[in-house]
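*Asks:* Provide a 3D model corresponding to the input given below.
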Amino acid sequence: MATYHAKHGFHVGGLVALAFARSERYLLVVTHSGRGVFDLDTGERIARDSAVLYPEHGAIVGIGPLSGELVPVASYDFENDLTLSSESGRYRVVAYSSFIAVEEAT
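*Replies:* So this is what the prediction gives:
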């Protein structure tokens, strides 16, 4: 089992869903006020779309570097923290009601 350390944190309001890009370089965040894409290496928000769009059938269309991709997402249930690991296990995110903690395996 991997050991993780804190890498970045993002304050978000109205979290709906999130997902790792297939490349594991980006994190797509869906909120009640739009979508954002964060670079997992730098922590920088690199794309933002304020159009309110919600996932359908467990996926949503990406923006920025994920533009045109139908991205499978994990939905936040508003009662429990959401923990999601990237496919390789390099990254793990723990989403709370207004904060997303990004951790990286050591």
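
*Asks:* average pLDDT across the host helix or strand of L84?
*Replies:* Secondary-structure assignment from DSSP states H and E places L84 in strand 82-85. Averaging pLDDT along strand 82-85 gives 95.

*Asks:* name the helices or strands packed onto that strand?
*Replies:* Helices and strands touching strand 82-85, by 3 or more Cβ pairs under 8 Å, 6 or more residues apart in numbering; DSSP states H and E, are strand 15-20, strand 74-75, strand 91-95. C-betas here are computed from N, CA, C, even on glycine.

*Asks:* quick one, which of those strands is packed in tightest?
*Replies:* Of those, the one with the most neighbours on average (mean count of other Cβ atoms under 10 Å) is strand 15-20, at a mean of 23.

*Asks:* Quickly run through the sheet partners of it, with directions.
*Replies:* Strand 15-20 has its sheet partners listed here by DSSP bridges as strand 26-31 (antiparallel), strand 74-75 (antiparallel).

*Asks:* which of those strands is buried the deepest?
*Replies:* Of the strands paired with strand 15-20, strand 26-31 is the most buried (mean count of other Cβ under 10 Å), at a mean of 23.
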